[in-house]
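J.: Here's my sequence, what's the structure:
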Amino acid sequence: MRTSVAGVVAGAVTLTLAGGCAAQQIQALEPKLELRNAAQQLADAQQAGFTIKLTGNPADLVAAVGKEADAATVDQLFNSSITMAYDKGGAGAEDDASSLSATIDGVTGTEIRYVGRTLYAKAPVTELAKKFGATPADLKQLSGAGSNPGTDALFAGKWVSVDTSELTGLTGAEPTPDAQSRKAVDELTKAATNLLEGAEVVRDSADDKHLIATSSTAKAYAEAKRVATAVEPSLASEFPKAPADRPIVLDLWIDGGKLTAVEINVLQFADGATGRVAARLEMTTGAPIATPEGATKVDLGNLPQPAIGGSLGGLGDLTGE
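T.: Below you'll find the model as predicted:
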């Protein structure tokens, strides 16, 4: 049979269109695959960490919150950050370690490590106490006036240690911060996966490391609440009413197959808000978490009892009370 020229042309056009559609599907799928692989790589990492902070314009957040907002407190939030990290060590959980370091209103140096069932901590206590309104008399009472070597070391900005088994009698259970750190990373990874299921993910034409995912406020709110309450159940009651459902954008950066940052404009959840205030999560380079040298053991039975109220009321911000 002789094949007509029209038939050849029609076949070529069909193949071209089919190829074009396939290419478009691959192009649309590729950013999601890259993101999924990066998330899995993070979940499988033996050592990992992340820093959480706010970026953008503090005035936009004050305007969005309204009369309840305190500009000074908002500025403190923008001037603070928390870094969590974990080190899985070997195959078992016995040698797992974790760390948490914080910048509090611009003051650096606060760090907690959990290594070998021992808590280690150091902080610029005097500087922080003064920043939050403590007087010299308050500081003297807090320090115990030299009655405890552990307290003296802590107030001097040096490392102190606490055997977590000694905390069991105070809290009813031995704390396991390493498990909390791993759980936080696991829950964040799960949230990202859930949030991106069904989301539209495209690559920024101006930056090939930047992916833009469009989901919904309902999904984002549900995942944020789930993660927060999974890590700390008491936060369940702190969440505001869910916002009206609408599209929401999540920004992600992947470099060399690794997730390096995630950012979400929190003002997308506030009706009528304008501007940008982003909760930003930056992945940190994984590293071994070692026992600090020269730590002074704290005698929990000989700690000073600080006064409640007065100028020390602001110190509750440091303890979460």
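
J.: and residue 210, that one's in a strand?
T.: Yes: according to DSSP: H, G, I helix; E, B strand; the rest coil, residue 210 belongs to a strand.

J.: Who is it paired with across the strands?
T.: In this entry, residue 210 is beta-bridged to residue 253, by DSSP bridges.

J.: State the distance from residue 127 to residue 79.
T.: Shown here: residue 127 relative to residue 79, a distance of 14 Å by CB to CB, to the nearest Å. For the C-beta atoms, the positions are set from N, CA and C on the backbone; glycine is no exception.

J.: how would you label residue 202: helix, strand or coil?
T.: Residue 202, by the three-state scheme (three-state DSSP), is strand.

J.: who's in contact with the closest residue to it other than its chain neighbours?
T.: Setting aside the residues directly before and after it, residue 202 is nearest to residue 212 in space (CB to CB, 6 or more residues apart in numbering), at 5.4 Å. Residue 212 makes contact with 201-204, 249-252, according to CB atoms under 8 Å, 6 or more residues apart in numbering.

J.: And the helices in this structure?
T.: 5-44, 58-65, 71-78, 125-131, 136-143, 149-155, 164-171, 177-196, 217-231, 316-319 (DSSP state H).

J.: ok, and the closest non-adjacent residue to residue 76?
T.: Across the structure, with CB to CB, 6+ apart as the measure, the residue nearest residue 76 apart from its sequence neighbours is residue 105 (4.4 Å).

J.: Check the spacing between the one you found and residue 47 real quick.
T.: As judged by CB to CB, residue 105 and residue 47 stand 29 Å apart.

J.: where in the stretch 51-200 of the chain is pLDDT low?
T.: For the stretch 51-200 of the chain, residues meeting the criterion pLDDT under 70 lie at 92, 142-147, 167-185, 189.

J.: now do the stretch 201-321 of the chain
T.: Using pLDDT under 70, the flagged stretches of the stretch 201-321 of the chain are 300-321.

J.: among the contacts of residue 212, which ones are buried?
T.: By the neighbour-count criterion of 16 or more other CB atoms under 10 Å, the contacts of residue 212 include these buried positions: 201, 203, 250-252.

J.: Right, I'll call it a day here.
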